[in-house]
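1. Sequence and predicted structure are below.
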Amino acid sequence: MKKKVTLLDRARADLITAKQMLKNIDDDVFIDIAAYHAQQCVEKIVKFLIGIEGKTYIADHRLSVILEDLADAEAKQLVESLEISIDSWATTARYKTTIAASAKEVAYIIGVCEKLVKIAESRVPQAEPSCKKDVSDRFKRLLEERDQPS
């Protein structure tokens, strides 16, 4: 039987992916992919926290809309105090030809993601970073395969 994957697991995977993509700091496409995954991490953590509060989150990508249902004051304050808006990163980074964010902005949001993951983990003490090593190992293998000459 497969383990149930939570939004927290998926947020951790998004965080790992964002960090790996940001290592390619000279490539705007990789920075955009990092921006997308950083935005997804924030969104999934907020939705995870809403879920563990016993509520159903709204199917929307706009943090301003999703945050309305979040009672966790610490996480809500952290997301509301973001110095930049990342709502557009959910779509711009995937579909537009313009660059969604700078490497500096993505690095800032990755730092926020790390804090949000810790907040979420503290709300669910039994939550194990179950996918962290597995996802990281798989991602590294994919990068190694990509870099191998054909």
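-> In hand now; what should we look at?

2. where does the protein have low pLDDT?
-> 1, 93-94, 96-97, 125-150 (pLDDT under 70).

3. 90 instead?
-> Across the chain, the ranges flagged by pLDDT under 90 are 1-5, 24-30, 32, 54, 58-64, 82-85, 87-101, 124-150.

4. Now do the contacts for residue 46.
-> 57, 63, 66, 67, 70, 75, 79, 116 (C-beta atoms under 8 Å, 6 or more residues apart in numbering). Glycine gets a C-beta too; all of them are placed from N, C-alpha and C.

5. farthest-separated two in the residues you listed?
-> Greatest spatial distance among those (C-beta to C-beta): 57 and 116, at 14.7 Å.

6. which of these two has more neighbours?
-> Neighbour count, other C-beta atoms under 10 Å: between residue 57 and residue 116, residue 116 has more, with 26 against 19.

7. can you pull the contacts of the more buried one?
-> By C-beta under 8 Å, 6+ apart, the residues touching residue 116 are 11, 41, 42, 45, 46, 75, 78, 79.

8. Considering those residues, which possesses the most neighbours?
-> Busiest of the contacts of residue 116 [other C-beta under 10 Å] is residue 45, holding 31 neighbours.

9. That residue: which element?
-> With secondary structure defined by DSSP states H and E, residue 45 is part of helix 28-52.

10. May I have the very next helix or strand once past that helix as CSV, with CA atoms only?
-> Heading C-terminal from helix 28-52, the first helix or strand you meet, by DSSP H and E, is helix 63-66. Listed next in CSV are the C-alpha coordinates belonging to helix 63-66 (Å, rounded to 0.1, in the frame of the first residue of the first chain):
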residue,chain,number,x,y,z
LEU,A,63,-2.8,33.9,-1.7
SER,A,64,-4.9,36.9,-0.8
VAL,A,65,-8.0,34.7,-1.4
ILE,A,66,-6.7,31.5,0.2
